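**Q** Any chance you can model this:
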Amino acid sequence: MTTGTIRKDAKMRELLKSGRLVVSPGVYDGYSARLVQQMGFDAASTTGAGLANSALGMPDVGILGLLTNVDLCRHMARSIDIPLMADADTGYGNAVTVFHAIQYFEEAGVVGVNLEDQESPKRCGHLQGKTIIPAREMAKKIEAAVRAKRSDDFIINARTDAIALEGIEGAQARVKMYQDAGADMVYPDSVRSLDDIERILEVARVPVSINIGFGIRVRAPTPMFALPRLQAMGVARVSVPRITLGAAILAMRNALTALKDARDDDAPPDRTDLCTDMGVIMGLLDYARIEKLEEEFMLEEDLAARYPNGKPNMLSEGH
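**A** Okay, here's the model as predicted:
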């Protein structure tokens, strides 16, 4: 995929300054990343929980490692043209580790990272039992992250889990300290109300990102907010980390249930209401681009041998 004439991180900065709420669905693989772009969203974001769940089959309790995270992000970032932000969890160690982690993520092609103030091993923001590091220690991590990045446009999004542990006043104090340390955006996790968001906006001098748990019904402290209301308040970005993963699990369960319930003496049902056809998948993955590259660069005799029936058209092969 091409990045166009403007760097993706600069494009993300433009979006955050536009005054229009940036809605950033969570992605966890190539399918979800490409689908978010195809559906017309301006940006996407990875979710550490989603990557741990989907790639490792593990809960989000600090098992996903730095280089695994970076490698997964690299493949997704290069598959789309829209900006992709990543989840760097706690930075995988102290401030020195954060310095190197930021450079790995930036080299992977993402436009910025979330960096949070939980203690390691961290856990999903909607889980109980979270603990956070001292604010001064987190500020040093942010300073290291800012020093490490090579592009001024690369975004350090400082997440704080303080609301659940220190209340909104504690979160406000941390937001002040984190932006003073150089954070480009702040992300108060587990906000409980619009009033919480207003209190954060009162002290924030940098863009504010809010996370909403679309489809999360259990132990989710953050309610669903109307997106126009968030924009009117001055929120710059909203991430929806679990929307694609949760939708995929539900769809897979429904399709597998139909297969399991098929009668033994019948062929499994061809449920086009449950499974998309191959043409949609090939279109999403842009197989037509491969056809064009083959026509441009393969020898004519090799192309004729590969496609004896004429000009290749992968989308019409009946797959």
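**Q** what about stretch 228-248, distance to the chain center?
**A** 11 Å (CA atoms, centre = their mean, to the nearest Å).
**Q** Residues in contact with that stretch: which ones?
**A** If you take CB atoms under 8 Å, 6 or more residues apart in numbering as the criterion, stretch 228-248 is touched by 16, 20-28, 32, 35-36, 43, 45, 47, 49-50, 53-54, 85, 185, 187, 194, 197-198, 201, 207-216, 225, 227. No exception for glycine: its C-beta is placed from N, CA and C like everyone else's.
**Q** now, which of those residues lie within helices?
**A** Leu16, Ser32, Leu35, Val36, Ala49, Gly50, Leu194, Ile197, Glu198, Leu201, Leu227 (DSSP state H).
**Q** Could you find the closest non-adjacent residue to the third one?
**A** Spelled out, it's Leu35. Leu284 (6.3 Å; CB to CB, 6 or more residues apart in numbering).
**Q** The residue nearest to Ser32 when sequence neighbours are not counted: neighbour count?
**A** Leaving aside its sequence neighbours, Ser32 sits nearest to Thr244 (CB to CB, 6+ apart; 4.1 Å). Residues within reach of Thr244, counting by other CB atoms under 10 Å, total 25.
**Q** got it, and Leu21?
**A** A total of 22 residues lie near Leu21 under the criterion other CB under 10 Å.
**Q** In three-state terms, label the nearest residue to it once chain neighbours are set aside for me.
**A** Of all residues beyond its chain neighbours, the one nearest Leu21 is Gln231 (3.8 Å), with distances taken as CB to CB, 6+ apart. Secondary structure, DSSP: H, G, I helix; E, B strand; the rest coil: Gln231 is helix.
**Q** do the same with Ala158
**A** Going by three-state DSSP: Ala158 is strand.
**Q** hang on, it packs against Gln179?
**A** Yes - if you go by CB atoms under 8 Å, Ala158 and Gln179 touch, sitting 7.4 Å apart.
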